[in-house]
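1. Can you look at this prediction? I've put the sequence above it.
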Amino acid sequence: RELIMCKLITVDIGSFNIKTSSKGIIGQNRFYKDNFTETFGLDYVKIDNDTYIAGGDFDKEFIKCKKNIQVPLFYALAKSDIGESAEINLILHLPASQISNKSFLIDMLQNKTFEYVVNGKEYKTTFKKVGVLKEGWTSFYSLKKRNEGLIGIIDIGGRTTDCFTFEDGKLRNEKSINIGMLNIFNDIADRLIANGENRTVEEIHTLLTNDIIYIGDYKDILEKYSNKIINDLKLSIPNIKDFKIYLTGGGANYLIDIFKANGFKVELMSNSLNSNCEGSYNIGKAKGL
């Protein structure tokens, strides 16, 4: 009874973006600790006596559980209007290759209450039930039709690419590959630096989004990493091209043409940036959370 009364929210804390089931896309996962800067007009999170300001560098740590999870989580919850004092059931996500670390996140949050400040507003949040599900696998449950034929999900994130295949709604294969869009953005930044520009990995997405640079100029970099992903998938799932593939995640738009050129039956998920949150929300709802 108590769990049903709690609000369910799902949060996808990616290496690049933060997403939630409540408000859709929240923003980039970049925060730096600064206890001295005037915070007026800035996006910031304050936990205990430490202040974290939105911006700075991406956290390049590969193992998600070693990142500072609380800062982007509390920021996302505040942006999702959960309320100043709330009890919630929470679902988080990890790459399939890291799912064995889920107990770390559960132990950190479940049945605990946290007080924090986001942009000057005080929050008190109690996490009643905390679940951790596999990135990409949850995207399957955002599909309206998922019990017919051979379906594959390829989730291209910031640090990993996760693939799951299903037959008539039942899981057949899963594979996690340690390649993501930050590898591609890093190579693009290196090329710009070699050409005399002072660029960082953090700038590349902004430059591409605003048409300051064009992804077509870096086709060789896209193909370099796409081919690594594709070859790994072919080795692990020999019949991968039999499946109708849905691409999702932050890299889906960038790599879909290369998958098509390699003979994949592939299409972009309509909710590609938020499919993990939508799918895990459907799972949580079905479980009465």
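-> The structure has been received and is ready for your questions.
2. how would you label R159: helix, strand or coil?
-> On the three-state scheme (DSSP: H, G, I helix; E, B strand; the rest coil), R159 is labelled coil.
3. tally of neighbours for it?
-> As a burial measure, R159 scores 22 neighbours (other C-beta atoms under 10 Å). (Each C-beta comes from the backbone N, C-alpha and C, glycine too.)
4. so it sits right up against L182, yeah?
-> Yes - between R159 and L182 there is a contact under C-beta atoms under 8 Å: 5.8 Å.
5. intersection of neighbour lists for those two?
-> S15 (C-beta atoms under 8 Å, 6 or more residues apart in numbering).
6. partners of I177 in the sheet?
-> T161 (DSSP bridges).
7. What is the neighbour count of it?
-> I177 has 22 neighbouring residues, counting by other C-beta under 10 Å.
8. And the one 10 residues further on, by the same measure?
-> Counted with other C-beta under 10 Å, residues neighbouring D187 total 18.
9. Contacts only, for it.
-> Counting by C-beta under 8 Å, 6+ apart, D187 has contacts 218, 221, 224-225.
10. Secondary structure element for it, which one?
-> If you go by DSSP states H and E, D187 is part of helix 181-194.
11. ok, and for that helix, which residues are buried?
-> Across helix 181-194, burial judged by 16 or more other C-beta atoms under 10 Å covers 181-185, 187-189, 191-192.
12. okay, the residues you listed in TSV with distance to S85 and pLDDT next?
-> TSV is the format used below for the buried residues of helix 181-194 (distance: C-beta to C-beta, whole Å; pLDDT from 0 to 100):
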residue	distance to S85	pLDDT
M181	37	94
L182	37	93
N183	42	95
I184	42	96
F185	39	95
D187	46	97
I188	44	97
A189	43	97
R191	50	97
L192	47	97
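13. Would you mind confirming that D57 is in contact with K33?
-> No - counting by C-beta under 8 Å, D57 does not reach K33; the two are 12.0 Å apart.
14. For the longest strand along the chain, name the packing helices and strands.
-> In the chain, assigned by DSSP state E, the strand with the most residues is strand 121-134. Packed against strand 121-134 by the contact rule (3 or more C-beta pairs under 8 Å, 6 or more residues apart in numbering; DSSP states H and E) you find helix 2-5, helix 70-79, strand 85-94, helix 102-109, strand 112-118, helix 275-286.
15. any residues touching it, and which ones?
-> Strand 121-134 is contacted from outside by 2-3, 6, 74, 77-78, 82, 84-96, 99, 102, 105-106, 109-117, 162, 164, 174, 280, 283-284, 289, using C-beta under 8 Å, 6+ apart.
16. now those: which count as buried?
-> 6, 74, 77-78, 82, 86-96, 99, 102, 105-106, 109, 114, 116-117, 162, 164, 174, 280, 283-284, 289.
17. Now do the buried residues in stretch 256-275.
-> 256, 258-259, 262, 264, 266, 269, 271-275.
18. possible to save these as JSON lines with pLDDT?
-> Output for the buried residues of stretch 256-275, formatted as JSON lines (pLDDT from 0 to 100):
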{"residue": "I256", "pLDDT": "96"}
{"residue": "I258", "pLDDT": "96"}
{"residue": "F259", "pLDDT": "96"}
{"residue": "N262", "pLDDT": "95"}
{"residue": "F264", "pLDDT": "95"}
{"residue": "V266", "pLDDT": "96"}
{"residue": "M269", "pLDDT": "94"}
{"residue": "N271", "pLDDT": "88"}
{"residue": "S272", "pLDDT": "90"}
{"residue": "L273", "pLDDT": "89"}
{"residue": "N274", "pLDDT": "93"}
{"residue": "S275", "pLDDT": "95"}
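19. Now tabulate those residues in JSON lines and tack on secondary structure.
-> Converted to JSON lines, the buried residues of stretch 256-275 look like this (three-state DSSP):
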{"residue": "I256", "secondary structure": "helix"}
{"residue": "I258", "secondary structure": "helix"}
{"residue": "F259", "secondary structure": "helix"}
{"residue": "N262", "secondary structure": "coil"}
{"residue": "F264", "secondary structure": "coil"}
{"residue": "V266", "secondary structure": "strand"}
{"residue": "M269", "secondary structure": "coil"}
{"residue": "N271", "secondary structure": "coil"}
{"residue": "S272", "secondary structure": "coil"}
{"residue": "L273", "secondary structure": "coil"}
{"residue": "N274", "secondary structure": "coil"}
{"residue": "S275", "secondary structure": "helix"}
